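A.B. asks: Structure for this input, please:
(one chain, ligands or ions: 2)
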Amino acid sequence: MKTQWWKKAVVYQIYPRSFCDSNGDGIGDINGITSKLGYIKELGVDVIWLSPIYKSPMFDNGYDISDYCAINPEFGTMKDFDHLLEQAHGLGLKIIMDLVVNHSSNEHPWFLESKTNLDNPKRDYYIWQEGVRGGPPNDWKAYFGGSTWTYDETTGQYYLNCFSPHQPDLNWENPDLRREIHNIMRWWLDKGIDGFRLDAISLISKPLADGSLNFPNGEMKEFIFHGPRIHEYIKEMRSEVLKHYDVMTVGETGGVRPEHAVIYANADGSELDMVFQFEQVELDGSETFKWTDQNINLVELKEVLTRWQNQLFDHAWNSLYWCNHDQPRIVSRLGDSGALREKSAKMLATCLHFMQGTPFIYQGEELGMLNYPFKDISEYRDLESINAYNALVLEEKRIAKEDMLRFMALKSRDNSRTPMQWNEKPNAGFSAGKPWINVNPNYSEINAEDQIHREDSVYKYYQKLIQFRKTMDIITHGDFQLLMSEHPDLFVYMRKFNNEMLLVTCNFSYEERIVTLPEGFKTGKILITNDETQVSNESRVLTAEIVLSAFGALVLTNQ
Ligand code: GLC
Ligand code: CA
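C.D. replies: Ligands and ions are numbered 1, 2, ... in the order given. This is a model prediction of the structure:
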């Protein structure tokens with residue numbers, strides 16, 4: 001019997017490379033994570049999602065796997081992992097792993113065999129095509145630059161790589177390949193892990209025509225999401241593997257809309273438990289072209305999140321997130337990086353954590369960490385950012401250097417990958433050696449040591465939000481109604497469950513804003529607020545309206 005425990009769970013994402021370095025080589029590692037389990041437990045979360053720690057040549061920081069059942073030596077050993085899992089379980093923390101099976105590394109033994117000759121039994125584990133008129137099979141552009149096709153001299157054919165040439169796409173059409181993946185999943189689940197985050201999973205079924213792979217010209221994204229056999233593959237994964245374990249799964253599903261999510265994350269349990277949508281993060285232009293200085297528009301953000309809340313209600317389950325290892329920091333994006341940093345971080349957390357779904361907190365988000373003040377290309381480590389700079393500035397000269405550096409400082413994935421800020425010691429207490437990527441110079445002001453001891457910290461505020469989710473059924477089960485949908489600065493919504501109601505009010509601006517209280521809240525009780533001036537009158541509101549200060553947030557209950 002499935003318990004659906006993940007409906008009340010909160011997940012904490014760790015990017016191992018940047019979390020805690022236990023041996024001074026500048027790279028975060030498994031023993032570093034184990035040493036911080038107490039901190040994670042104290043926050044109140046239930047599940048840890050580990051970004052990849054498998055053996056990898058690290059062209060994409062582990063999202064290019066060369067052995068799915070081994071640990072990359074710079075992160076430690078399998079013994080270290082077993083110890084981490086045991087310690088985490090001892091504390092009541094679950095661990096889910098990142099499963100990257102749209103592609104492998106080009107150093108995976110499957111690929112090394114696959115490319116040797118046309119008749120190799122592993123040839124069909126990847127997607128090989130003949131060139132067309134002396135060039136690649138079609139004109140698709142890969143996510144991380146260049147063609148999606150890489151020519152391989154040994155056999156004179158091209159292989160498909162939707163991300164980078166170091167990440168050849170696996171051929172899910174091949175039943176042997178699918179069986180290998182099921183075996184890998186069972187191997188980890190039998191070890192006792194508690195589920196998977198499935199990387200780029202909406203891309204695994206490639207376009208078909210007359211039953212064969214087919215790659216027409218055009219914009220790759222038009223062809224690559226939710227391919228013809230996608231739901232068959234995921235249902236098979238469920239029946240072959242997942243249904244035999246009481247675990248959670250979350251799919252990273254580029255291109256997904258609520259109408260797809262109700263299939264991918266159907267409440268009937270036939271596929272995944274939930275998916276990550278990208279609509280909310282693409283509002284700053286990244287869907288079409290990431291390198292701009294466009295901002296997220298609040299009215300659009302409200303429309304997107306409301307559509308997801310309402311269309312999935314009773315049909316599927318939402319994931320909730322502001323941050324992950326592919327996104328810049330949310331306070332830099334939608335909050336204030338100066339004097340109101342903590343207040344705005346709490347407002348953003350309030351806005352998300354009263355919605356229906358499973359919240360994901362990305363390391364450092366609970367401290368209100370900010371983007372890194374990148375100035376120079378030499379400070380970047382991420383292949384996506386570096387490749388884009390080389391292509392757009394140096395080769396194609398489409399963007400002036402100064403503009404591109406400004407866009408990268410706003411949008412680069414490296415913003416979330418700078419080391420976790422533990423304390424005010426050198427390197428923020430992350431490492432005794434030289435960190436693989438710079439530490440944000442603001443660490444003496446923003447660090448965990450300060451926040452776990454300070455009652456009004458962002459960390460303590462997250463603790464409270466997490467506890468509300470555990471104790472209040474309305475957060476898990478209540479319905480969702482957006483109010484003031486056209487207001488450019490206010491995000492106001494109501495949750496209802498039986499006779500209980502919650503009113504969540506958030507001010508995304510630097511100005512005072514007024515919310516007229518709906519019926520039922522005129523004598524409402526304040527559940528939580530980030531604004532001390534509100535807490536005076538016995539935590540009851542006795543007026544018809546509330547005044548929210550800059551980045552203020554206030555949650556009322558009618559109880
Ligand atoms: C996902 C990961 C990202 C990675 C890409 C290729 O989007 O989140 O970090 O680069 O897949 O695996
Ligand atoms: Ca290390």
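A.B. asks: tell me which element residue 234 is part of?
C.D. replies: Per DSSP states H and E, residue 234 falls inside helix 230-240.
A.B. asks: any idea of the mean pLDDT in that helix?
C.D. replies: Regarding helix 230-240, the rounded mean pLDDT is 98.
A.B. asks: For that helix, buried residues please.
C.D. replies: 230, 231, 233, 234, 236, 237, 238, 240 (16 or more other Cβ atoms under 10 Å). C-betas here are computed from N, CA, C, even on glycine.
A.B. asks: Could you find the closest non-adjacent residue to the first one?
C.D. replies: The shortest distance from residue 230 to any residue that is not its chain neighbour, by Cβ to Cβ, 6 or more residues apart in numbering, is 4.2 Å, and that residue is residue 205.
A.B. asks: gap between residue 18 and ligand 2?
C.D. replies: As for residue 18, its distance to ligand 2 is 11 Å (criterion: Cβ to the ion, to the nearest Å).
A.B. asks: is it true that that residue touches residue 362?
C.D. replies: No. Using Cβ atoms under 8 Å, residue 18 makes no contact with residue 362, being 10.6 Å away.
A.B. asks: Show me what from the stretch 1-150 of the chain comes close to ligand 2.
C.D. replies: 21, 23, 25, 27, 29 (Cβ under 5 Å from the ion).
A.B. asks: Buried only: go through those residues for me.
C.D. replies: 21, 27, 29.
A.B. asks: tell me which of the residues you listed is nearest to residue 155?
C.D. replies: Closest to residue 155 out of those is residue 27 (36.2 Å), distances taken as Cβ to Cβ.
A.B. asks: Who are the contact partners of that closest one?
C.D. replies: 17, 21, 74, 75, 431, 436 (Cβ atoms under 8 Å, 6 or more residues apart in numbering).
A.B. asks: And the third one, how close does it get to residue 144?
C.D. replies: If I follow you right, that is residue 74. 22 Å (Cβ to Cβ, to the nearest Å).
A.B. asks: likewise the first one?
C.D. replies: Taking Cβ to Cβ as the measure, residue 17 and residue 144 are separated by 18 Å.
A.B. asks: give me the residue from the stretch 101-250 of the chain nearest ligand 2.
C.D. replies: Nearest to ligand 2 in the stretch 101-250 of the chain, going by Cβ to the ion, is residue 105, at a distance of 20.8 Å.
A.B. asks: elements contacting the top helix by length along the chain?
C.D. replies: Taking DSSP state H as the criterion, the chain has its longest helix at helix 175-191. Using 3 or more Cβ pairs under 8 Å, 6 or more residues apart in numbering; DSSP states H and E, the elements in contact with helix 175-191 are strand 67-71, strand 94-99, helix 230-240.
A.B. asks: Adjacent strands (with direction) for the shortest one?
C.D. replies: Taking DSSP bridges as the criterion, strand 67-71 forms sheet pairs with strand 54-55 (antiparallel).
A.B. asks: Columns secondary structure on top of the residues of the stretch 1-150 of the chain next to ligand 2, output as a markdown table?
C.D. replies: Shown next, in a markdown table, are those (DSSP: H, G, I helix; E, B strand; the rest coil):
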| residue | secondary structure |
| --- | --- |
| 21 | coil |
| 23 | coil |
| 25 | coil |
| 27 | coil |
| 29 | coil |
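A.B. asks: Of those residues, which is the nearest to residue 180?
C.D. replies: Nearest member of these to residue 180, counting by Cβ to Cβ, is residue 29, at 27.7 Å.
A.B. asks: ok, back up a step: okay, the buried residues of helix 230-240 in CSV with distance to residue 134 next?
C.D. replies: Output for these, formatted as CSV (distance: Cβ to Cβ, whole Å):
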residue, distance to residue 134
230, 33
231, 38
233, 34
234, 38
236, 39
237, 39
238, 44
240, 42
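A.B. asks: tell me the two of those residues that are most distant?
C.D. replies: 230 and 240 (15.8 Å).
A.B. asks: tell me the centre residue of the protein?
C.D. replies: Centroid check for the chain by Cα atoms, centre = their mean gives residue 324 as the closest residue, at 3.8 Å.
A.B. asks: so who does it touch?
C.D. replies: Counting by Cβ under 8 Å, 6+ apart, residue 324 has contacts 13, 276, 360, 362, 416.
A.B. asks: ok, so of the buried residues of helix 230-240, who is nearest residue 291?
C.D. replies: Scanning the buried residues of helix 230-240 for proximity to residue 291, where the rule is Cβ to Cβ, the winner is residue 230, at 29.2 Å.
A.B. asks: which ones are touching the closest one?
C.D. replies: Contacts for residue 230 (Cβ under 8 Å, 6+ apart) come out as 202, 204, 205.
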